[in-house]
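[1] What follows is a predicted structure for the sequence shown.
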Amino acid sequence: MTEGTLLIVDDDAALRDALAAVLQQSGYTSEQAVDGEEGLKRLRDEPDAFDGVLLDWKMPRMDGLTMLRHIKADPRTAPLPVIFQTGSGDEQVLKESLAAGAHYFLSKPVRRQELLATVYTAVQGRRRQRVLWGHVRDSARTLALMDQG
C-alpha cells in the first residue's frame, strides 16, 4: 500500500523529478504538473486522487498563490493540504501563503528530512480527515433512517 499520493506542481522539471524520487523512495506516489493551470485541471478532474499538493510559488501562466486560492475556493479540493515551497526568503510570501490557506511552508532548497516529515504530517492529517468525514456521513445516514422510522 502506498503512503499517499501527492501532486507536485513546479515549473522546474529537474526539481519535480527530484521531489518525486525522494517521495517514491519513502513509499509515496506522485504526479506532476508544470504550472498552476495544469495542476488545477488535474485536481478538478480527480479531486479525490491526491492526499496533498506540493506547490511552487513562482510559475508561468498561473503562479502558486493563484492556484492555492482556486483550490481553497472549490469545496471538492479545499480540504487538500497544500505544502508551499519557494526560494524566496521574503516573510511576506510566507504570510500570503498561510493566509490563502497553505497548510505548510518549505524553503528551497528543500531538505529531504524536512520534506518527508512535512509530507507525512500532511498526508496523515488528510487521512484522518477522510475517516472523520466518513463517520459523519454514516451518522447522517443513520439519523435519516431513524427519522424515517
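    Cool, got the structure. Since we're looking at a predicted model, the values are computed, not measured.
[2] Low-confidence bits of the chain, can you list those?
    Across the chain, the ranges flagged by pLDDT under 70 are 1, 88-89, 132-136, 138.
[3] Do you have the helices of it handy? List them.
    13-25, 36-45, 64-73, 91-100, 112-148 (DSSP state H).
[4] so which of the ones you listed comes closest to residue 55?
    helix 64-73 (4.6 Å; CB to CB). From N, CA and C alone the C-beta is placed, and that goes for glycine too.
[5] Buried residues, the closest one. List them.
    For helix 64-73, the neighbour count (16 or more other CB atoms under 10 Å) marks 64-65, 67-68, 70-72 as buried.
[6] a markdown table for the helices of the chain, including distance to residue 7?
    Shown next, in a markdown table, are these (distance: least, CB to CB, whole Å):
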| stretch | distance to residue 7 |
| --- | --- |
| helix 13-25 | 10 |
| helix 36-45 | 6 |
| helix 64-73 | 10 |
| helix 91-100 | 17 |
| helix 112-148 | 12 |
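[7] Out of the ones you listed, which gets nearest to residue 52?
    helix 112-148 (4.5 Å).
[8] Just want the angle from the closest one to helix 13-25.
    Counting by axes from the mean of the first three to the mean of the last three CA atoms, to 10 degrees, helix 112-148 lies at 70 degrees to helix 13-25.
[9] packing partners for helix 112-148?
    strand 4-9, helix 13-25, strand 52-56, strand 82-86, strand 104-107 (3 or more CB pairs under 8 Å, 6 or more residues apart in numbering; DSSP states H and E).
[10] how distant is the fourth one from the center of its chain?
    Here strand 82-86 is found 9 Å from its chain centre; the criterion is CA atoms, centre = their mean, to the nearest Å.
[11] try the shortest one
    Computed by CA atoms, centre = their mean, the separation of strand 104-107 from the middle of its chain amounts to 12 Å.
[12] Given that strand, what are its sheet partners and their directions?
    Paired neighbours of strand 104-107 in the sheet (DSSP bridges): strand 82-86 (parallel).
[13] circling back: how about TSV for the buried residues of helix 64-73, with distance to residue 52 added?
    Below are the buried residues of helix 64-73 laid out as TSV (distance: CB to CB, whole Å):
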residue	distance to residue 52
64	14
65	17
67	14
68	13
70	16
71	11
72	14
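[14] Number of residues surrounding residue 63?
    Residue 63 has 16 neighbouring residues, counting by other CB atoms under 10 Å.
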